[in-house]
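**Student:** quick check, what structure comes out for this input:
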Amino acid sequence: MNRFAVTLASQLVAAIPATAPLIQDAIRGEPGLVTGDASLASQLDLLILDPFQTVLDSGLLEATRAKGPFLIVVDGLDECEDKQSVEDFIDHMLAFFKRHPSIPLRLFIASQVEQHIRECLETDGVHLSNLNDHSPDNDIEKFLDASFQRAAKRNRVIRAYVASAKSINCAASIEGSVYALEICGGLRKRQGSLYTL
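**Tutor:** Below you'll find the predicted structure:
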């Protein structure tokens, strides 16, 4: 996990460019943040959480905040061999959210059920779900509906198609969210390493 915070910081800059100078200043002040010589807690604070909080406090994100909270998605946490670092990461993030309960930032962890991860996450303020028995059909339908509705506002051909064919109903028969993402891939606009609809 020694490059984990650096990777998150680069994605933060792509999503919120105003954090770039803050992250650069932190690295100039403490080069160990990118070489792995700083603790994971220091990396998370100085490269991600503090810059996010500073930009948020400056008011630069007011227009974006209206759309809902920002989301950090972490997948495959169970694949990290350093179990102590995984526990430290979870504990640090939980402590941050406890200190800042109303911050418009959420953390979504997708992981296999591992004992050390579950033990850290079985606490107030954390919602655990088992997705093994979850059918993605409703989620895919909602995703496609929202995607087509957004695209229809910008494109009269899509607007006519959605209005006349009621194409959203076909989502219930789509197997797998990857296919849904591919369908809506043509409706997306790339921004750095993130996609927006």
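**Student:** quick check: L22 is in a helix.
**Tutor:** Yes: L22 sits within a helix when classified using DSSP: H, G, I helix; E, B strand; the rest coil.
**Student:** what is the burial count for it?
**Tutor:** 22 (other CB atoms under 10 Å). Where you see a C-beta, it was placed from the backbone N, CA and C, and this is true even at glycine.
**Student:** might you report the residue contacts of it?
**Tutor:** 50-51, 54-55 (CB atoms under 8 Å, 6 or more residues apart in numbering).
**Student:** the same query, at a cut-off of 7 Å, please.
**Tutor:** 51, 54 (CB atoms under 7 Å, 6 or more residues apart in numbering).
**Student:** pLDDT at it, what is it?
**Tutor:** At L22 the predicted local distance difference test score is 96.
**Student:** what distance do you get for it to K67?
**Tutor:** When distances are taken as CB to CB, to the nearest Å, L22 and K67 turn out to be 22 Å apart.
**Student:** the residue most central in space within the chain pairs with what?
**Tutor:** To find the centre residue of the chain, average its C-alpha atoms and take the closest one (CA atoms, centre = their mean): that gives I72, at 2.8 Å. Note on I72: beta-bridge partners L107, judged by DSSP bridges.
**Student:** hmm, it is touching I109, no?
**Tutor:** No: the pair I72 and I109 does not pass the contact test of CB atoms under 7 Å, sitting 9.1 Å apart.
**Student:** chain center to stretch 94-102, what's the gap?
**Tutor:** From the chain centre to the centre of stretch 94-102 is a distance of 17 Å (CA atoms, centre = their mean, to the nearest Å).
**Student:** export that stretch to CSV, keeping only CA atoms.
**Tutor:** As requested, the backbone C-alpha atoms of stretch 94-102 are provided in CSV (Å, rounded to 0.1, in the frame of the first residue of the first chain):
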residue,chain,number,x,y,z
LEU,A,94,-13.0,6.0,10.0
ALA,A,95,-11.4,8.5,12.4
PHE,A,96,-11.4,11.2,9.7
PHE,A,97,-15.1,10.7,9.1
LYS,A,98,-15.8,10.7,12.8
ARG,A,99,-14.1,14.1,13.1
HIS,A,100,-15.8,15.4,9.9
PRO,A,101,-19.3,13.7,9.9
SER,A,102,-20.8,16.2,7.5
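**Student:** thanks a lot, see you next time.
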